[in-house]
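Chemist: What follows is a predicted protein model with its sequence.
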Amino acid sequence: MEKLVLFLPNSEEDIDANLTLLGELGVMHVMPFQPAKDVSIERVDARIKQLEKAIGILDNCLEKDSRKLEMPADLNFRNRERGEIALLEKVLEAEAQELALEKLEQEQNKELEWYKQWGNVSINEIADLRRVGAFIRLYLLDDRDFKKIQDCENVSVVGKIDHLHQIVFVSQDPNEKLDFKEIELPLHQLTDLQKLVNQNQLQKEENRNLLQILALQKDILETALQERIRRMDVRNVHYAGKNIDEQIVCWKGFIPEQSVDELVAVAEKNSWAYIIEEPEEEDLDEVPTLVQSAKWAERIRPVMNFMGLVPGYKELDVSKIFMIFFTFFTGILVGDAGYGLIFLLITLGVHWKGKFKAKIEFDLIYTLSAAIMIWGVLTGTYFGSQAIAELPLLSYLKVDKLASFGGDSLFIQQLMFSIGAIQLTIGHLQTAWKYNNSVKAIAQLGWVAIIWGLYFVVDQMVLGIAAPAVMPWLFIGGAVLIALFSNPGTSFFKGVLSSLGSLPLSVISGFSDIISYIRLYAVGLSTVLMASSFNQMALGDGITTVASGISAVLVLVLGHGLNMILAGMAVIVHGVRLNMLEYAGHANVEFSGNEYQPFKLKNQKNL
């Protein structure tokens, strides 16, 4: 990355045009001098929200046969000046009308429900009675309240709704009431209400047809939205810049080295002033990280993005090792070829529904599904069933020592520790390569020796496998290299003492890191045992009746479904953890970086 300071003339027209060119170039990672604030930003933001709302409304209205609708001339907004604003206002107005009609419909339904409960009461006659001095009031009372007023002469019971008594109270005094909540009368006579309901339905249908016609022009709003988002991006950069004597605005940021010539060419052509230089030490915390890995390693990017893992500017790119070992870990942690096949089929189904659009997430899941199936075949694991694993062809493909049923558990555990030692070794070798012009690289080779010494210690302590005679010399040689070459910049004796002082804790940490890889074996085994247990629950007593068959199917589907979910969670918890903590710790990667996100606009021709 190169540090860039860019200077542009401070005029509204020039800045918009120049920042648009800069955004279309799409190479500068802008570091704002201050938060972007301006009334124009607020206006554009409000318009964006309106457009998004209107597009969402039309998405729900566009029906398959709506293109057969005829479009009246007064509703055609394509060739109008500021037609997108007129269309936007029309959509929002129609939506407000629809909400009003729905609210009215709810109120009318309440009145219809009242008539269902109280019968075809004439509201007009009740009003006439009030005018001649007879006041009728309605109540709904439970048994306890009803007992309090049942002896009153001017109280009548006309029916019952659920457990409530329908009470009619008649009085000649307009202020006389029962001490209970009164039931309000509907606003409309039943015959009038039915006409209003029909009228409301017609208005709703007309409004729905209007929205369907407007939905045919949704692309106008989508284009307007993209233009407003573009305008918003330009303004955010504009007002994040720094004014110099009200004549010039400058921005600071970073660009990749390979993009310098391209930016210089555009700057020279448009008379931009700029300063491009190497980032200084105090800039390192701000320098973004642009990770450019091999195409196959990019598949791990969704996982790293999900976890927020961005290597620092001076840290190693661990995506290749992360991808290789994460794929391997996923295969072991799930470890069932049947589950892998289901994951693959589900992914194919979702991908097919999306018309097989290229997405890196699908590539990742295809890869992980294949890894699960391969490890399941090697271990003879198919839905946790030993009977399936013993079928002729599948039995031939199985590796006996790795087998889930009857395999060598000691060998598998040693294999997990070996995988851990190999991955941690790779981390130190990568760090050594990073320091290839420094004696610090030799200290990393000392750590490689320590790692393999710890591996032999773990084998002896956990598995009872005798350590080779070379083990003590691995520790001695590793400690010497670490002591001599870890801190070359300090005085010799201070460097040695500092390295030796921190060595014991680092060795203990390395020991626990290698031990951590046993989780691959433990979690993979638990997946197999759970699958086998569900099979036994469902099929252990045989299927003798239709009911037992149905229950067996339910147990198998629900049980294996739960097991697959737990296995997927294990991949996220353990598969990511071993890469993010154990391996990354030994590769000195803290994921302290911020991602390279250049100010980038779509070309106006593509809007």
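Modeler: Structure received. Numbering: from 1, shown residues only.
Chemist: Determine which residue lies closest to the centroid of the chain.
Modeler: The centroid of the chain falls nearest to Phe306 when counting by Cα atoms, centre = their mean (7.1 Å).
Chemist: And the contacts of the helix or strand hosting that one?
Modeler: Per DSSP states H and E: Phe306 is located in helix 301-307. With contacts defined as Cβ atoms under 8 Å, 6 or more residues apart in numbering, helix 301-307 is touched by 309-310, 319, 322, 326, 360-361, 364, 576, 580. (Glycine included, C-beta is placed from N, CA and C.)
Chemist: low pLDDT regions in this structure?
Modeler: Screening the chain residue by residue with the criterion pLDDT under 70, one finds the ranges 62-69, 489-493, 495, 603-607.
Chemist: ok so, going back, from the chain's centroid, how far away is the helix holding Phe306?
Modeler: For helix 301-307, the gap between its own C-alpha mean and the chain's C-alpha mean amounts to 10 Å (Cα atoms, centre = their mean, to the nearest Å).
Chemist: how much space is there between the residue nearest to the centre of the chain and Leu410?
Modeler: Using Cβ to Cβ, to the nearest Å, Phe306 is found at 36 Å from Leu410.
Chemist: State the distance from the residue lying farthest from the centre of the chain to Gln172.
Modeler: For the chain, the residue at maximal distance from the C-alpha centroid (Cα atoms, centre = their mean) is Val132, at 69.1 Å. Remark: distance between Val132 and Gln172 (Cβ to Cβ) = 10 Å.
Chemist: Which other helices and strands does the helix or strand hosting Arg228 contact?
Modeler: Here Arg228 sits within helix 218-238, counting by DSSP H and E. With contacts defined as 3 or more Cβ pairs under 8 Å, 6 or more residues apart in numbering; DSSP states H and E, the secondary structure elements packing on helix 218-238 are helix 12-25, helix 39-59, helix 83-118.
Chemist: Let me know the secondary structure of the residue lying closest to Ala337 once chain neighbours are set aside.
Modeler: Across the structure, with Cβ to Cβ, 6 or more residues apart in numbering as the measure, the residue nearest Ala337 apart from its sequence neighbours is Gly376 (2.8 Å). The assignment at Gly376 comes out as helix when based on DSSP: H, G, I helix; E, B strand; the rest coil.
Chemist: hey, where'd the helices end up in the stretch 301-450 of the chain?
Modeler: Listed in chain order, the helices of the stretch 301-450 of the chain (DSSP state H, counting those that start in this stretch) span residues 301-307, 319-334, 337-353, 360-379, 386-389, 392-397, 409-434, 440-458.
Chemist: actually the stretch 501-607 of the chain, sorry about that
Modeler: For the stretch 501-607 of the chain, the helices defined by DSSP H, counting those that start in this stretch occupy 518-539, 546-570, 576-577, 584-586.
Chemist: Single out the most deeply packed of these.
Modeler: Mean neighbours per residue, mean count of other Cβ atoms under 10 Å, is largest over the helices of the stretch 501-607 of the chain for helix 584-586, with a mean of 21.
Chemist: and that helix, how far from the chain's centre?
Modeler: If you compare the mean C-alpha spot of helix 584-586 with that of the full chain, they lie 26 Å apart, counting by Cα atoms, centre = their mean.
Chemist: what sits up against it?
Modeler: Counting contacts by Cβ under 8 Å, 6+ apart, the residues touching helix 584-586 from outside are 318, 424, 427-428, 431, 447, 451, 509-510, 513, 590-591.
Chemist: likewise stretch 348-368?
Modeler: The list of residues contacting stretch 348-368 from outside it, by Cβ under 8 Å, 6+ apart, reads 298-303, 327, 330-331, 343-344, 347, 571.
Chemist: repeat that with 6 Å
Modeler: Judged by Cβ atoms under 6 Å, 6 or more residues apart in numbering, the contacts made with stretch 348-368 from elsewhere in the structure are 299, 302, 327, 330, 347.
Chemist: so how far is Gly340 from the residue lying closest to the first one once chain neighbours are set aside?
Modeler: What that stands for is Arg299. Setting aside the residues directly before and after it, Arg299 is nearest to Leu364 in space (Cβ to Cβ, 6+ apart), at 4.4 Å. Leu364 sits 14 Å away from Gly340, taking Cβ to Cβ as the criterion.
Chemist: ok, these two, which is more surrounded?
Modeler: Comparing Leu364 with Gly340 by neighbour count (other Cβ atoms under 10 Å), the higher total belongs to Gly340, at 26 against 21.
Chemist: residues contacting the more buried one?
Modeler: Gly340 is in contact with 369, 372-373, 376, counting by Cβ under 6 Å, 6+ apart.
Chemist: any idea which of these has the most stuff around it?
Modeler: Counting by other Cβ under 10 Å, Ile372 has the largest number of neighbours within the contacts of Gly340, with 29 neighbours.
Chemist: now it: how far from Phe328?
Modeler: The separation that Ile372 has from Phe328, given Cβ to Cβ, amounts to 11 Å.
Chemist: same check, this time on Leu290
Modeler: Between Leu290 and Phe328 the distance, using Cβ to Cβ, works out to 27 Å.
Chemist: which strands and helices sit next to the helix or strand harbouring Leu211?
Modeler: Secondary structure from DSSP H and E places Leu211 in helix 190-215. When contacts are defined as 3 or more Cβ pairs under 6 Å, 6 or more residues apart in numbering; DSSP states H and E, helix 190-215 packs onto helix 83-118.
Chemist: Helix or strand next in line after the helix it packs on, which one?
Modeler: Taking DSSP H and E as the definition, the helix or strand that follows helix 83-118 towards the C-terminus is helix 123-131.
Chemist: and Tyr313, how many neighbours?
Modeler: When counting by other Cβ under 10 Å, one arrives at 20 neighbours for Tyr313.
Chemist: wait, doesn't it sit right on Pro288?
Modeler: No - using Cβ atoms under 6 Å, Tyr313 is not in contact with Pro288, being 7.3 Å away.
Chemist: All set, thanks.
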